[in-house]
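**Student:** Quick one: sequence and predicted model below, then my questions.
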Amino acid sequence: MNSSTITLHAPAKSKAQGRLDVLQMLSGVLLILFLWTHMLLVSSVIIGPGVMNAIAWFLEVTYMAQIGGPMIGLLIFTHFLLAARKMPWKSSESEAFIKHSVMMKHRDTWMWLAQVGTALIILIMAGVHMWVVLTDLPITAIKSAARIQHGGWLPFYLILLPIAEIHVGIGFYRIGVKYGIITAENRAWYKRKEYALTGGFIIIGLITLVRFMYLPLFTAM
């Protein structure tokens, strides 16, 4: 291959990678919005099981649950594939990455490594969660409470909840940095907001789990 061929291929490859980066960003934003919306909808059980049941009924009669559920699953898998392009899969790459991170003491680099680790866990656990819910329609408060109280799912969600919210919080922050929304001047302010937002959704999730734990099953209709 001569130098002119290399010159022609390099910009094309760079442009393709740029498009994939944009797709990764867009899919990430959609998943962030979905997770926050999902959390708020499920946490409606805090107000009352009837509220959650009414929302679930609407989602199912409009086929948003039946169609949207698999689409979200596909979006999660697509986002993972797009992000996997930059993950250090080889042991030599991982060792070099960790070594340089320790030497540089760069916090954002460690955040990216945490995002990689949480992504692998979420890919599996979110898939299991979606399969269990979508194969047991309709969604009701009593079914969700029964899984928590007698189905042994409480430890599962106690792991998935913080991992998902931390992953989303880091992703939200890194998108802002990558596309110039978060700068050196406002970075500290955005970090505080990120911590507050992530912590807030984790607290809402924990309160929701407690509500399911103590929801009388015979009255959660």
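**Tutor:** Done, it's in.
**Student:** When you work out contacts or count neighbours from here on, use the C-alpha atoms and nothing else.
**Tutor:** Will do.
**Student:** Please identify the buried residues of the helix or strand hosting residue 159?
**Tutor:** Per DSSP states H and E: residue 159 is located in helix 154-178. Neighbour-count burial for helix 154-178, counted by 16 or more other C-alpha atoms under 10 Å, picks out 154, 157, 160-175, 177.
**Student:** what about the helices in this protein?
**Tutor:** With DSSP state H as the criterion, the chain has helices at 3-42, 49-61, 64-84, 91-104, 107-134, 141-150, 154-178, 187-213.
**Student:** Take these and lay them out in CSV including mean pLDDT.
**Tutor:** Formatted as CSV, the helices of the chain follow (pLDDT from 0 to 100):
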stretch, mean pLDDT
helix 3-42, 76
helix 49-61, 90
helix 64-84, 86
helix 91-104, 60
helix 107-134, 82
helix 141-150, 89
helix 154-178, 87
helix 187-213, 89
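**Student:** hang on, the earlier thing: would you mind pulling the contact partners of the helix holding residue 159?
**Tutor:** 25, 28-29, 32, 111-112, 114-115, 118-119, 122, 125-126, 147-148, 182-183, 190-191, 194-195, 197-198, 201-202, 205-206, 209 (C-alpha atoms under 8 Å, 6 or more residues apart in numbering).
**Student:** what about residue 209, neighbour count?
**Tutor:** Look at residue 209: counted by other C-alpha atoms under 10 Å, it has 24 neighbours.
**Student:** for residue 81, same thing?
**Tutor:** Neighbour tally, residue 81, other C-alpha under 10 Å: 13.
**Student:** what sits against it?
**Tutor:** Taking C-alpha under 8 Å, 6+ apart, one finds nothing in contact with residue 81.
**Student:** thinking again about what came up before, hey, what's the angle from the helix holding residue 159 to helix 107-134? Just curious.
**Tutor:** 130 degrees (axes from the mean of the first three to the mean of the last three C-alpha atoms, to 10 degrees).
**Student:** distance between helix 154-178 and the chain's centre?
**Tutor:** 6 Å (C-alpha atoms, centre = their mean, to the nearest Å).
**Student:** Just the angle for that helix relative to helix 187-213, thanks.
**Tutor:** 160 degrees.
**Student:** Tell me what angle helix 154-178 forms with helix 141-150.
**Tutor:** Using the same axes, to 10 degrees: helix 154-178 against helix 141-150 is 110 degrees.
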